[in-house]
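[1] when you get a sec, could you give me coordinates for this:
(2 chains)
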Amino acid sequence: MNIMTEQTLENAVGDKMNAKSNEVIKMRGDKVGVFYGEKQALFDVNLDVRQNQVTALIGPSGCGKSTFLRCLNRMNDTIDSARVTGKITLDEDDIYDKNIDVVELRARVGMVFQKPNPFPKSIYENVAYGPRIHGLAKRKSDMDQIVESSLKKAAIWNEVKDRLQEPGTGLSGGQQQRLCIARAIAVSPEVILMDEPCSALDPIATARVEELIDELRQNYTIVIVTHSMQQAARVSQRTAMFHLGYLVEEGATDKMFTNPDDKRTQDYITGRFG
Amino acid sequence: MTDIPLDTMAGTVARPRRDIGLKARYAAERRFRIYGVIAISVGLAFLAIMLITIVAKGYTAFWQTTVTLPITFDEKVIDPSGKRATDSSVLIKANYPKLAENALVTKLGIDPANKPMMLKLKGFLSEGARVQLRDIVTADPSVIGTTRDVNILAAANLDSAFKGQIDLSVDEGRRKVSNQQIDWMNKLRADGVMDEHFNTGLFSYGASSRPETSGMGVAIIGSFYMMIIVLLLALPIGVAASIYLEEFAKKNRFTDLIEVNINNLAAVPSIVFGLLGLAVFINFLGMPRSAAFVGGLVLTLMTLPTIIIATRAALAAVPPSIRSAALGLGASKMQMVFQHILPLAAPGILTGTIIGLARALGETAPLLLIGMVAFVADYPATPFDPATALPVQIYLWSNEAERAFVERMSGAIIVLLIFLMAMNITAIVLRRRFERRW
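    Down below sits the predicted model:
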């Protein structure tokens, strides 16, 4: 049953990719600006996020890359003083439109945070929480299946399958982060936003998460903020370079890292600032 | 000393050690530690003095002297004219103390015709014998004509004498217990008839002018009603207010003002809340005086700020990462608060609530103002009936002069302290048990 669904899913994705090529624009930012009170943190960012690709956002600290990421699922709404201008679309729909419900948007655009933040509940409950609040599983067996497949997709199933009822906070840092990824996957989002997902992890755990990101690309669209140039080069297909709130340059990762157009990008990548 | 040869061995010139004031610094630290130890010791000493005094004065209150007498329920005394079948008041009005007196006279072998002796016998047994024997007879009239052993309370003075609290070296005329009574007491003690028992009456009797039949039963029930009312009102209102202020309300001048006011309310003297209760609940809304319900309302007002402050602190202590995690999954704000934040904040909320309740339990001043200082002998059936409270009962007994009341006051303080300690320990255990680290 499980294998069947995964196959169907892969076929469906394959069909889509054949039909529309891999250059479908999943999300598009159009002149996005963000203000925190009086202070403007982001200026006129135009950036496309392509379907089934990993888009890396790089740049020095405070350059606005996390701010932009948080606009994509309206997490900035939770900050009272934050104000977003411009337009962001998801499948042609303006996500800041009054008709779009923020709860529904976040079910479609999931998020993984910098610090692993599992709920202080069991591993099972961590994964089941999202599907439960969105009513994705009618029966217990459906829920079991969602939990299992999500944990499998997040490449953590083998490590936790015998202790699903133990607290998620008892796992190691790398395992916690993969649990958070499984939790995000469980609500079947279309886009997964990752805010420096490996910054709190050791190199081995980082490598595992990076492998995972590459696998997830088959089924999801991923936007990742990272401080590590190597990581951006390893996992992403597209890279966007931010500096002081402006989008400096955006393009295919290969080109960005070998032959950037902008001098600031070159300086940053070669480690001259940042 | 040793580093000089080392330095010379290494071929360097020995530098004179700089004076960086180490001596003075360590001396300052030592002094500060001594101040701290002194402060703690003084605090502990006062605590010990207080506890020792209270326990020394009060532990005897938990024991009560009784005399076990074979009471003959003589029909001639209870119902001399034989009218009890038609007139039910006969059994109520009968001269029951006479029964106890007769039994005591027989026991001690006194001649009933000896008037001075009989006079001295007065005040040996408690007047409570009347109620005690009446209850036996009215519960089962068939005991009339039979004899059975009954534990009769000794009078308060004899109780004190039995516990050795009366100085017998004082001249007989200047103490409340005569030598003859002491002799009888010693005789009964030698017979094993007069003995101390655990004083259940202390927990069951209501107010009484006789120490041996007064207890804190009414006060315990009154305090219990009030705690229930405070819990039922202050906890939901306080938690709801905190959740709104902390999670939903916009941060602006107005909410700042509310916050300042809540913090101020927590510091308002409790007697002011009593005046407020008197003005609003009793004068304006016409609620009954001396009622546990009104007391509960006043204590609720007093406890609310404490609970709100503790709850807000507990909510704010839940890390933002949990909020982000829930919102990022598409939980609504309401789901985030009730499914994640509130369960994590619950131990802190409970701790705050228990500490607030403990404060309310020990509160006296506002209750005095709403008339809960009444002399209440009967149990309050509902929270709307007159009642007293534990601390008020202590206050009432402290106004009495008799030795036996002082003893009861200290006993009541011990009981109140045990309640308060139990509540605070529960709060600490809860906090330890559910404390989370992120």
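[2] how about the strands in the stretch 1-150 of chain A?
    Using DSSP state E, counting those that start in this stretch, the strands of the stretch 1-150 of chain A run over A:25-36, A:39-50, A:54-58, A:82-90, A:93-94, A:109-112.
[3] just checking: what are the partner strands of the last one?
    Yep, that's strand A:109-112 we're talking about. For strand A:109-112, the paired strands and their directions (DSSP bridges) are strand A:191-195 (parallel).
[4] the partner strand to strand A:25-36, inter-axis angle?
    40 degrees (axes from the mean of the first three to the mean of the last three C-alpha atoms, to 10 degrees).
[5] could I get strand A:191-195 in PDB with only the CA atoms?
    What follows is strand A:191-195, C-alpha atoms only, in PDB (Å, rounded to 0.1, in the frame of the first residue of the first chain):
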ATOM      1  CA  VAL A 191       7.300  24.100  -0.700                       C
ATOM      2  CA  ILE A 192       9.700  23.500   2.200                       C
ATOM      3  CA  LEU A 193      11.500  26.500   3.600                       C
ATOM      4  CA  MET A 194      14.700  25.800   5.500                       C
ATOM      5  CA  ASP A 195      16.400  28.500   7.600                       C
END
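[6] what parts of the stretch 101-250 of chain B come near chain A?
    Counting by C-beta under 8 Å from any C-beta of the partner chain, the residues of the stretch 101-250 of chain B close to chain A are residue B:250. Placement of C-beta: from N, CA and C, glycine included.
[7] return the residues in contact with residue B:317.
    B:345, B:348 (C-beta atoms under 8 Å, 6 or more residues apart in numbering or on different chains).
[8] residues of stretch A:162-175 that come out buried?
    Of all the residues in stretch A:162-175, those buried under the rule 16 or more other C-beta atoms under 10 Å in any protein chain shown are A:164, A:168, A:169, A:171, A:174, A:175.
[9] which of the residues you listed fall in helices?
    Those of these mapping onto helices are A:174, A:175, per DSSP state H.
[10] picking that back up, most tightly packed of the strands of the stretch 1-150 of chain A?
    Ranked by mean neighbour count under mean count of other C-beta atoms under 10 Å in any protein chain shown, the strands of the stretch 1-150 of chain A are led by strand A:54-58, which reaches a mean of 28.
[11] that one pairs with which strands?
    With DSSP bridges as the criterion, the sheet partners recorded for strand A:54-58 are strand A:221-225 (parallel), strand A:238-243 (parallel).
[12] which residues of the stretch 251-400 of chain B lie near chain A?
    B:251, B:319, B:321-332, B:335, B:339-340, B:344.
[13] and those residues, which of them are in helices?
    B:321, B:322, B:323, B:324, B:325, B:326, B:327, B:328, B:335, B:344.
[14] gap between the last one and residue B:313?
    Here residue B:344 is placed at a distance of 13 Å from residue B:313 (C-beta to C-beta, to the nearest Å).
[15] need the ones in helices among the residues of the stretch 251-400 of chain B next to chain A in JSON lines with distance to residue A:150 and pLDDT, can you?
    Listed next are those as JSON lines, based on distance: C-beta to C-beta, whole Å; pLDDT from 0 to 100:
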{"residue": "B:321", "distance to residue A:150": "20", "pLDDT": "91"}
{"residue": "B:322", "distance to residue A:150": "20", "pLDDT": "92"}
{"residue": "B:323", "distance to residue A:150": "22", "pLDDT": "91"}
{"residue": "B:324", "distance to residue A:150": "19", "pLDDT": "91"}
{"residue": "B:325", "distance to residue A:150": "15", "pLDDT": "92"}
{"residue": "B:326", "distance to residue A:150": "17", "pLDDT": "93"}
{"residue": "B:327", "distance to residue A:150": "19", "pLDDT": "91"}
{"residue": "B:328", "distance to residue A:150": "15", "pLDDT": "90"}
{"residue": "B:335", "distance to residue A:150": "19", "pLDDT": "92"}
{"residue": "B:344", "distance to residue A:150": "24", "pLDDT": "90"}
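[16] which among the residues you listed gets closest to residue B:70?
    residue B:344 (66.1 Å; C-beta to C-beta).
[17] hmm, that closest one is touching residue A:121, no?
    No - taking contacts as C-beta atoms under 8 Å, residue B:344 lies outside contact range of residue A:121: 10.1 Å.
[18] my guess is residue A:126 meets residue A:178, correct?
    No - using C-beta under 8 Å, residue A:126 is not in contact with residue A:178, being 11.3 Å away.
[19] pLDDT-wise, which helix or strand of chain B ranks last?
    Here the helix or strand of chain B ranked lowest by mean pLDDT, DSSP states H and E is helix B:3-9, holding a mean of 50.
[20] swap in chain A?
    helix A:2-20 (a mean of 46).
[21] in stretch B:159-166, what counts as buried?
    B:159, B:160, B:161, B:162, B:163, B:166.
[22] who's in contact with the residue in the stretch 101-250 of chain B positioned nearest to chain A?
    Of all residues in the stretch 101-250 of chain B, the one sitting closest to chain A is residue B:250 (6.5 Å; C-beta to the nearest C-beta). Contacts for residue B:250 were tallied using C-beta under 8 Å, 6+ apart; they are residue A:80.
[23] for residue A:204, same thing?
    residue A:174.
[24] then residue A:217?
    Contact partners of residue A:217, counting by C-beta under 8 Å, 6+ apart, are A:52, A:53, A:54, A:237.
[25] before we move on, what about residue B:103?
    B:69, B:70, B:71, B:72.
[26] for the second one, grab phi and psi.
    This points to residue B:70. phi -80, psi 100 (degrees, to the nearest 10).
[27] where's it relative to residue A:115, distance?
    For residue B:70, the distance to residue A:115 - C-beta to C-beta - is 81 Å.
[28] who has more neighbours, the two?
    residue A:115 (17 against 12; other C-beta atoms under 10 Å in any protein chain shown).
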